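In: Can you look at this prediction? I've put the sequence above it.
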Amino acid sequence: MLIAEGIPATVTRGEGGRRRGTIAALAITQQRLAISALGASLVDVGWDDGEATELEVTARDDGLTVAFDGERFGHDEPGRVEVFLRIGDAGTLLAAIDQRRRPLEPRRYR
């Protein structure tokens with residue numbers, strides 16, 4: 001489980017790419033991925049939900065980007081939303097997210 005608060009972040013919304021700097025919080029647990037910023041929940045999905053696979057998650061040297069369709073994730077505005085979290089070790093976070101949102105293979109007993 002990882003919970004981090006006070007993460008410098010940028011949220012970009014819509015066709016015009018309105019960008020806003022903010023402070024965010026990130027939680028990666030065995031059950032969920034949650035990101036909040038701008039005084040609201042931006043992402044809150046369970047790994048078993050189909051929504052988790054709809055997130056575009058990429059890592060850069062300086063942070064992690066999570067992108068999604070705002071309307072699909074319950075936001076008032078349609079269009080693409082990108083949340084850039086300026087956080088260290090983004091590659092490890094990306095690996096943790098990918099591992100959890102990948103469906104588990106059925107166990108095979110012999």
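Out: Everything's here; your move. Numbers count the residues shown, from 1 in each chain.
In: quick one, phi psi at Gln99?
Out: The phi and psi torsions at Gln99 (degrees, to the nearest 10) take the values phi -60, psi -40.
In: Bridged to the spatially most central residue of the chain, which residues?
Out: Against the mean C-alpha coordinate of the chain, by Cα atoms, centre = their mean, the closest residue is Val66 at 4.4 Å. Partner residues in beta bridges with Val66: Val57, Val83, with DSSP bridges as the criterion.
In: got a list of what it touches?
Out: With contacts defined as Cβ atoms under 8 Å, 6 or more residues apart in numbering, Val66 is in contact with Ile35, Val43, Leu55, Glu56, Val57, Glu82, Val83, Leu85. In this view, the C-beta of every residue, glycine as well, is placed from N, C-alpha and C.
In: Same question for Ile87.
Out: Ala4, Ile7, Leu26, Gly63, Leu64, Leu93.
In: Buried subset of the residues you listed as a PyMOL selection?
Out: Burial among the contacts of Ile87 is assessed by 16 or more other Cβ atoms under 10 Å; the matching PyMOL selection reads:
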select buried, resi 7+26+63+64+93
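In: I'd like the distance from stretch 5-16 to the chain centre, please.
Out: Using Cα atoms, centre = their mean, to the nearest Å, the distance from the centre of stretch 5-16 to the centre of the chain it belongs to is 11 Å.
In: can you give me the strands in the chain?
Out: Counting by DSSP state E, the chain has strands at residues 2-13, 18-28, 32-37, 40-46, 56-60, 63-69, 80-85.
In: Out of those strands, which is closest to Arg102?
Out: With distances scored as Cβ to Cβ, the stretch of the strands of the chain nearest to Arg102 is strand 56-60 (12.1 Å).
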